[in-house]
Every structure is written in C-alpha cells, then in structure tokens.
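J.: mind looking at a prediction? Sequence and model below.
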Amino acid sequence: MDIQFNQHEDQMKLMISHFQKELQKIHLGGGQKKLDHQRSQGKMTARERIDYLLDEGSFQYEIGAFAGYEMYEEHGGCPAAGVVVVLGYIHKKLCVIVANDASVKAGAWFPITGKKNLRAQEIAMDNEIPIIYLVDSAGVYLPMQDEIFADKEHFGRIFRNNAVMSSRGIPQIAAVMGSCVAGGAYLPIMSDEALIVEGTGSIFLAGPYLVKAAIGEETDNESLGGAKTHCEISGVTDYKMKNDQECLDTIKKLISNTSVSAKAHFDHIIAKEPKRNKEEILGLYPANQAKPYSMIPILECLVDDSELLYYKEEYGKSIICAYARINGYAVGIVANDRKVFKSGRGEMQMGGVIYSDSADKATRFILNCNQKKIPLVFIHDVTGFMVGRRSEHGGIIKDGAKMVNAVSNSTVPKFTIIIGNSYGAGNYAMCGKAYDPRLIVAWPSAKIAVMGGAQAAKVLTQIQISSLKSKGEIANPEKEKELFDKISQRYEKQTTAYYAASRIWVDAIIDPRHTRDWIAMGLEAATFKSIEKFNVGVIQA
C-alpha cells in the first residue's frame, strides 16, 4: 500500500473513532443514574430488552441512533430521539423492534421521536415484515406539543399506520412494559396482540391526577389501568406477564408461530465474498474530499467476487452503471465516479458531476433494472448536474428530469449509500431520502446540502455585503472575511453526516466496512414484499 492510501486510511479511522465515541454516549440514553433507577424497579432498559429479544449472535442494525443528536438542548437533549429502533432477527425472522427509552424524559415523545417511529413503521410497511413495540412512555412531551400533535406526519399518523398495517396483514405485537398514557394508549391496542407486565405496565387515557382534576375520582395506576384491570376486567390486553423476561420470551414464541415468507423472488445464488478485503475500503476514499479518485475499487470491496459487469462503460463516464451481486442477490449499481476523464468528444470532464450523457445512461440502466426486477443500489459522491451555457444548450435539465423520473417511478427496491458529497439535484437523481429508498445510510465522511460549503458561503457572503452596501455601509476585507467564516462554519455544520442523521435524512451513520452487510440485510428484507407493476410515466425524448 502507498503513503496516500495510508493517509486516507488514517483519516477515515479518525472519523470512525469519533463516530463510535459519540455512539457510546448515545447508548447511555438519559444517563447511567436513570438507567440504574430503571433496573432498581425490576425493569430492563430499552437496549437490554432488544438484546434479549433478538437471536443471540445474529446480525442487528440500529436505525436512527443519531436521531435528535445535538437537538433540543434547551430541553435537556433527546439522545436517539428517546426511542431505540433495531432491524434484527427473532427466531431467524427479520423484524423491526421499537423500544421507548424511559431514561430519556420518561420516554416522552419529542417531534423527532414521532418522525423516528414513523420511519420504523415505514420500513416495516415497505418490506412487509413484523414490527414489535416495547412501550414505556409518558406520551407527548407537552412543552413541544404544537410540533408533534396535529399535522399529517405527527403523533396521530402512528395509529393510522397501525390500522393500515393490520389491513395489509403485517404482524404487529405490542408489549406494555411501563407507562402507556393518553393517545399513546391506542398503539398497543391497535396492534394484533398486546402484552402487559404486572406491577410496571399501565395503560390509560388519563392518569390518576388528571382523572381527579376532571371528574373528582380518587384512583391509582394499578386499579385504573394495570395488568389485572386490563387482562381480567376490560379485556384490553391479551397476555399478563410477571416480568420483562417472561414478556419478551412470550413475544419470541408469538413470532416463532408467525408465518413470514418471501413474495418477491429476486435472482439469488450462493454468495461469494469479495476478492478485495473489506479493510481496504478505509484507504480508498480520499482524506481530501476535493481530490479525484476512482469509485471502482470501492465497489470491488462490496460486491460478490469483486465482479462487475459495466453497462455502457465508455459512455457517460461520470456515472458508473454495473450489474453485480451482493450476498448472492443480483443488483444494479449506480455510482458517481470521481476521476477526471475524457468524454467521447475528447473534452476533459470533472468526476462527481452528472453530465447529460451520464444522466441518459443512468436513466436507461434504471429502466432496464426495473424491467428485469433487479434491485438498485445508489452510491453517492455527487456535486450536482453540470452547469454553464454548453450544458444548458445541450438540455441538461431535460436529461436530469429523465433520470429523476426513472428513479421516482422505480418499483424495484432501492438502497442508497452516501459516502461523500450529495449536493443539489444530484441528491435527488441518485435516490436521496425523498425518493423512498428502502434503506439510506451515510459514511462519516458524507455531506448533504444544496451545494458545497465554500461555494454556499461565498454566495451568502456576497448577498450580505450587497445588503450592507444598499444601506450605505462599507464592508472592508476584514469584515468580509468575518462574515465568510461565520457563514461557512454554520453551513459546514449543517452539511455533516451527523446533522443529516439527527434529522433522519439518513437511517444511520455506518462504518464503511459494514456497507455490504447493510445492503445484504436490506435485500433480504425486500424479498417479503411483492413488486408492483413498473410504469415509468412520461419521459421526453
């Protein structure tokens, strides 16, 4: 390996180390004292419950660990959005598990909590796999109720999704292992089966204090909505459990009896490991993200036998389109290449930019994959579509629209990995979050924004200077630099993988070495839902 490779590897390892340290803090939830207090009540923590539930030693991936990262600090923060979501196996069946973290504001729902719960349900619905709710929540975080209660994708959408999943036959199991109050009480009861733990679990529309205030009735948690009440009197819950362990064991039994079978039969053969060692991937991405590099070695670390069949290899070179296999599944890969190269007309072109010929090639490839029912994998390092007079005269907008159309109307499962830049309409054409990828993840090196930080800061600085001039103020070079640095710093923070993950623009930040495993699990999940008929709509010639 050369010095440059080692420099790239060192830089990526530093980014991974920082990401892992932040993740360790997030895993503490509301703090060690609150976790210990939960255990002193005879309860397991949210993460302990999930670990107990999943098959020992099996793959599991957390969705949205960085949700809420550095948000709501004036309210004390909300690590992991106060809810833990994991994609994993129970009795070898792939499931989504959603567990309220009662150590974070008693499991109360912040706006980002609602968004994360909806994303968990979306993954279950997109793939038609079972979803399990481990409920331990005080309900909506009242100081922010106006941001979570009434809109289309707020709290109420959770119950709408419960009903929709039930109508589609997607298994839902809810276990009330702590508080379950107010509107949140509908979630377990709208699930297929509901369990409740004696002594710690309680369900009611209004707690004892509110009941006293509303109708003057004196009551307590247990008689109002405890396990005995709901299993023996109201009939609201189906199973009364002695403790968390028995509750989780019962869920395992219920899942073991649940029929989950593949409906989409993607081409699949015995998997082969890549010829390239996955450790190499750390040194293949440049420490200086502005430098050109080849995407091909990175792809060779991800695909079976490191083998790719390139589509239109010598045409539209800024996008690589290739057939390959990942964990035995046939896939179509659409990836931005960052090399500087010569076009078919002999012009030197920049990597990471989508030109008209690249958009045309990618569109045709996406259509082909849909015709052949081959899942698509998009790998981003894109600065956007080419600009300038020649591109505009050549119809770059039309060619870009064709690609966006093809991505929008794709019915095969799509998976997105953002490894570097993901700017402007390039994010859209490469299947960003708005285009319904089954899973979308980012490397720690990812950057997502309308445009690059330096470019945006220059534009915004000039706007502010023009504004000052219109008021008769003169900005000297020192003032200009101060403005530029301030805007640049703010903008750079807003482009990071952490900022994106905190708002669930991506499902997770991942170690690049785990990229293949993430895609493989997503492909397996995708087999449980049949593919809709493909109709691309209108694409202008």
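T.: Now that the structure is in, tell me what you want to look at.
J.: shaky segments in the stretch 251-400 of the chain?
T.: 344-348, 393 (pLDDT under 70).
J.: and Gly68, how far is that from Gly76?
T.: Taking CB to CB, to the nearest Å as the measure, Gly68 falls 11 Å from Gly76. Every C-beta, even on glycine, is put in place using the N, C-alpha and C of the backbone.
J.: and Lys152, by the same measure?
T.: For Lys152 relative to Gly76 (CB to CB), the value is 28 Å.
J.: between the two, who's got more neighbours?
T.: Gly76 (10 against 7; other CB atoms under 10 Å).
J.: where do the helices of the stretch 251-400 of the chain begin and end?
T.: 281-284, 296-302, 356-371, 389-393, 396-409 (DSSP state H, counting those that start in this stretch).
J.: could you point out which of the ones you listed sits nearest Tyr491?
T.: helix 396-409 (24.0 Å; CB to CB).
J.: what's the mean pLDDT across the helix or strand following that closest one?
T.: Going down the chain from helix 396-409, the next helix or strand is strand 414-423, by DSSP states H and E. What strand 414-423 shows for mean pLDDT is 96.
J.: sorry, back to before: export the helices of the stretch 251-400 of the chain to a markdown table and tack on distance to Ala81 and mean neighbour count?
T.: Below are these laid out as a markdown table (distance: least, CB to CB, whole Å; neighbours: other CB atoms under 10 Å):
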| stretch | distance to Ala81 | mean neighbour count |
| --- | --- | --- |
| helix 281-284 | 29 | 22 |
| helix 296-302 | 29 | 20 |
| helix 356-371 | 33 | 22 |
| helix 389-393 | 41 | 11 |
| helix 396-409 | 28 | 20 |
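J.: out of the ones you listed, which is closest to Ala174?
T.: It is, among the helices of the stretch 251-400 of the chain and with distance given as CB to CB, helix 396-409, at 34.3 Å.
J.: on contacts alone, who are the packing partners of the closest one?
T.: Using 3 or more CB pairs under 8 Å, 6 or more residues apart in numbering; DSSP states H and E as the contact test, the elements touching helix 396-409 are helix 356-371, helix 424-429.
J.: who touches the helix ranked longest in the chain?
T.: Looking across the chain with DSSP state H, the single longest helix is helix 3-27. Under the contact criterion CB atoms under 8 Å, 6 or more residues apart in numbering, helix 3-27 has outside partners 1, 47, 65-66, 69, 79-80, 282-287, 443-445, 498, 509, 511-512.
J.: same check on stretch 48-62?
T.: 44, 84-92, 97, 99, 132, 134, 177, 244-245, 248, 251-252, 508, 517-518, 521.
J.: what of stretch 231-250?
T.: 42-44, 49, 52-53, 175-177, 188-189, 193-198, 200-201, 203, 227-228, 230.
J.: hmm, back to that, adding distance to Ser318, write the helices and strands packed on helix 396-409 out as JSON lines.
T.: Output for those, formatted as JSON lines (distance: least, CB to CB, whole Å):
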{"stretch": "helix 356-371", "distance to Ser318": "4"}
{"stretch": "helix 424-429", "distance to Ser318": "10"}
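J.: I'd like to know which of those helices is closest to Ser256.
T.: Judging these by CB to CB, what sits closest to Ser256 is helix 356-371, at 35.6 Å.
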